[in-house]
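Trainee: Below is the structure, and that's it, no one-letter string:
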């Protein structure tokens, strides 16, 4: 414990005892410059910094260098003239997007799909992790984990094929509805705009819930067993174990992942939407990523597509920054 003078309160045998103040080296750290600390750490752990070199090179070459191409969002880009030779037009493409007839619908569809996925999809891996963690039979536990992980490794094309088969006129979903409502008239559920969002969200949960629960299971595996024993001795049941020990233990992980998830609020998986949408459900399925695909790659409007993509990225960054600040003040857990 080397951050600050801390007074820790520990519950031992039902009695609350105050531990002594632990003298930290925070005063020394304040006097030492960041450069000196980094230099000392570099000398102590040179191998760790060497391992960072490939990562830095990868992100520099494939992420940061291509960012210079974003300048075409402010130009009328022509492949013949190149990036630097194309005419500068400022905010023209941004204005055209927001003044166009499709912007409100595209933004609404994108945000709603992301929000529904967040509201219904984010808690599911947490609940699954709690359930798996409470299973004591090792064989059954591993079987549950394997079954829940498998959909993540299936190609999105195969996933969409399965979904389309299930929701088709003669599919499993219509058959189940007929068992409870004999007057129901079967139809292809994807031909209705109101069904697109539930189908997209539910299939996404099924595919990702097992994989997303791994990090929570890893965190739960590090919880001190004595905490569970203390709850049991005090007469607590499984609900008390989860509520008083498991949930607080993984709360920092939940907060960090929630902040990162908010950073994708304007991003909806292009491949899945593109494979699921059709003219029949355009009203709810057409999102920013599919619109950028049509304008950028099909119509060759590269500058316009870059402008819309840049708008997307800026909104995502703002959401991450705001949520990080809020969570930092509320829970003292944040990304930076």
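Mentor: Cool, the structure landed. What you see is a predicted model; the values in this text were computed from it and never measured. Numbering: from 1, shown residues only.
Trainee: Please count neighbours and contacts with C-alpha atoms only from this point.
Mentor: OK.
Trainee: quick one, longest helix in the chain?
Mentor: helix 302-331 (DSSP state H).
Trainee: So the residue nearest the centre of the chain versus residue 199, what's the distance?
Mentor: Taking Cα atoms, centre = their mean, the centroid of the chain lies closest to residue 261, which sits 3.3 Å from it. Separation of residue 261 from residue 199 (Cα to Cα, to the nearest Å): 20 Å.
Trainee: Residue 279 too?
Mentor: 16 Å.
Trainee: Could you check which of the two is surrounded by more residues?
Mentor: residue 199 (16 against 11; other Cα atoms under 10 Å).
Trainee: Tell me which helix or strand the more buried one sits in.
Mentor: Using DSSP states H and E, residue 199 maps to helix 193-212.
Trainee: Enumerate the positions of that helix that are buried.
Mentor: 193, 195-197, 199-201, 204-212 (16 or more other Cα atoms under 10 Å).
Trainee: for whatever helix or strand comes next after it, the distance to its chain's centre please.
Mentor: Remark: after helix 193-212, the chain's next helix or strand is helix 214-221, criterion DSSP H and E. When distances are taken as Cα atoms, centre = their mean, to the nearest Å, helix 214-221 is centred 17 Å away from the chain's centroid.
Trainee: buried residues in helix 214-221?
Mentor: So for helix 214-221, counting by 16+ other Cα under 10 Å, buried means 214, 215, 216, 217, 219, 220.
Trainee: do stretch 322-335 as well
Mentor: 323, 324, 325, 327, 333, 334.
Trainee: Can you give me the pLDDT of the first one?
Mentor: Taken from the predicted model, the pLDDT recorded for residue 323 is 88.
Trainee: which residue sits closest to it, ignoring its sequence neighbours?
Mentor: residue 259 (5.9 Å; Cα to Cα, 6 or more residues apart in numbering).
Trainee: what does the last one give?
Mentor: In this structure, residue 334 finds its nearest non-sequential neighbour in residue 328, 4.9 Å apart by Cα to Cα, 6+ apart.
Trainee: I figured the one you found hits residue 320, correct?
Mentor: No. With contact defined as Cα atoms under 8 Å, residue 328 does not reach residue 320; the gap is 11.8 Å.
Trainee: how far does stretch 266-275 sit from the chain's center?
Mentor: 14 Å.
Trainee: Now do the same for that stretch: mean pLDDT, whole number.
Mentor: For stretch 266-275, the per-residue pLDDT averages 88.
Trainee: for stretch 37-53, same thing?
Mentor: 85.
Trainee: what's the span of that stretch, first residue to last?
Mentor: Per Cα to Cα, stretch 37-53 runs 20 Å from first to last residue.
Trainee: show me where this structure has strands.
Mentor: Assigned by DSSP state E, the strands in the chain fall at 9-12, 15-18, 75-78, 86-88.
Trainee: I'd like to know which elements the longest helix of the chain is packed against.
Mentor: Here helix 302-331 touches strand 75-78, helix 92-99, helix 247-262, helix 288-293, going by 3 or more Cα pairs under 8 Å, 6 or more residues apart in numbering; DSSP states H and E.
Trainee: Is it correct that residue 88 is in contact with residue 76?
Mentor: Yes. Counting by Cα under 8 Å, residue 88 touches residue 76, with 6.5 Å between them.
Trainee: Of those two, give the one with the bigger neighbour count.
Mentor: residue 76 (20 against 16).
Trainee: Return the residues in contact with the residue lying closest to that one once chain neighbours are set aside.
Mentor: Excluding its sequence neighbours, the residue lying closest to residue 76 (Cα to Cα, 6+ apart) is residue 87, at 5.5 Å. With contacts defined as Cα atoms under 8 Å, 6 or more residues apart in numbering, the neighbours of residue 87 are 75, 76, 77.
Trainee: Starting from residue 269, give me the distance back to the first one.
Mentor: Going back to what we said before, that points to residue 75. Counting by Cα to Cα, the gap from residue 75 to residue 269 is 27 Å.
Trainee: Looking at the two, which is more packed in?
Mentor: residue 75 (24 against 14).
Trainee: That one and residue 84 touch, don't they?
Mentor: No. At 9.1 Å, residue 75 does not count as touching residue 84 under the criterion of Cα under 8 Å.
Trainee: got the buried residues for stretch 127-147?
Mentor: For stretch 127-147, by 16+ other Cα under 10 Å, it's 128, 129, 130, 132, 133, 144, 145.
Trainee: The fourth one contacts residue 143, doesn't it?
Mentor: This points to residue 132. No. Using Cα under 8 Å, residue 132 is not in contact with residue 143, being 10.1 Å away.
Trainee: Now residue 312: closest residue in space, sequence neighbours ignored.
Mentor: residue 266 (6.0 Å).
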